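Novice: I'd like to go over a predicted model; first the sequence, then the structure.
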Amino acid sequence: MADAGFRIVPLVCGRCAARMTAGKEQVAYQCSGCGSVWELAGGLLVPREVDHLSGSGDILLPFWYASFIINSQEGVVDNTMIFMKMCGSVKTAAAPNEAPLVFVPAFLLPPPQSIRLGRNMTVRFPSLHLSPVRDLPVEPVTVAEADVPAMAELILLSTLVEEKRNNPLFLVSFSVELSSPRLVSIPFMREGNRLLQPEMNLEV
Ligand SMILES: [Zn+2]
């Protein structure tokens, strides 16, 4: 099949009936009329809720996030405080008893960069402060929900202290259970070729 770079799919917003356009790699589509986000499921366009993280910035990058439980030979990791210990963090958890969250970039990035950014976001152990709907478009979502569990597992492995990452016995016993992933937009600021998230000290 010829690769034309981008193709236009006739997608119509189910809320305001505006036509939406889609890039080739996109798996979710945002209506420029009303801002709602849609995805194809079984040949039907269904709404997809997007959370918005508060903060300043002029570009909204989409991430998948989910709470998780890690099972390993050292026991169960099911709250932020235990997860922080497993990562070797000496920070104080804002919400120690809450379920820990893993973040997976949902926009187009080479996998090593995506894992690094997801890792950096995850080890900020953010407690999510959501804002009302933003009047900025969210950057295209190109990572499908079905790909989130495998990426989340790689990201969580990369957060662990080195002695665990290099311990075959620990790795054999390591497994992750994820809640249903949700999309969240996170505001970043453009600075030259870089995108910065100063509140969480992140860079793309
Ligand atoms: Zn619409």
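Specialist: Here it is on my side, so go on.

Novice: Give me the three-state assignment for the residue nearest to Ser158 when sequence neighbours are not counted.
Specialist: Of all residues beyond its chain neighbours, the one nearest Ser158 is Arg119 (4.6 Å), with distances taken as CB to CB, 6 or more residues apart in numbering. Where C-beta positions appear, they are placed from N, C-alpha and C, glycine not excepted. When states are read from DSSP: H, G, I helix; E, B strand; the rest coil, the local structure at Arg119 comes out as helix.

Novice: Contacts only, for Arg119.
Specialist: Arg119 is in contact with 155, 158-159, counting by CB atoms under 8 Å, 6 or more residues apart in numbering.

Novice: What's opposite the residue lying closest to Gln197 once chain neighbours are set aside in the beta bridge?
Specialist: Among residues not flanking Gln197 along the chain, Phe188 sits closest, at 5.0 Å (CB to CB, 6+ apart). Applying DSSP bridges to Phe188 yields these beta-bridge partners: Ile59.

Novice: Val176 contacts Leu154, correct?
Specialist: No: counting by CB atoms under 8 Å, Val176 sits too far from Leu154 to count as a contact (10.0 Å).

Novice: who's more crowded, these two?
Specialist: Higher neighbour count among Val176 and Leu154: Val176, with 19 against 15, using other CB atoms under 10 Å.

Novice: Wasn't that one part of a strand?
Specialist: Yes: according to three-state DSSP, Val176 belongs to a strand.

Novice: Chain neighbours aside, what residue packs nearest to it?
Specialist: Glu153 (5.0 Å).

Novice: What is the burial count for that neighbour?
Specialist: 17.

Novice: now it: how far from Arg48?
Specialist: Computed as CB to CB, to the nearest Å, the Glu153 to Arg48 distance reads 23 Å.

Novice: on that earlier part again, how near is the residue nearest to Ser158 to Lys85?
Specialist: Counting by CB to CB, the gap from Arg119 to Lys85 is 17 Å.

Novice: Least confident secondary structure element in the protein?
Specialist: strand 130-131 (a mean of 84; mean pLDDT, DSSP states H and E).

Novice: got the buried residues for the following helix or strand past that one?
Specialist: Later in the chain than strand 130-131, the nearest helix or strand by DSSP states H and E is helix 148-159. By neighbour count on 16 or more other CB atoms under 10 Å, the buried set for helix 148-159 is 148-149, 151-153, 155-159.

Novice: since we're on the closest residue to Phe174 other than its chain neighbours, how many residues are nearby?
Specialist: Using CB to CB, 6+ apart and skipping the chain neighbours, the partner closest in space to Phe174 is Ser72 (5.0 Å). Ser72 has 18 neighbouring residues, counting by other CB under 10 Å.

Novice: Surely Ser72 is in contact with Phe170?
Specialist: Yes: taking CB under 8 Å as the definition, Ser72 is a contact partner of Phe170 at 6.2 Å.

Novice: So for these two, which residues contact both of them?
Specialist: By CB under 8 Å, 6+ apart, no residue touches both Ser72 and Phe170.
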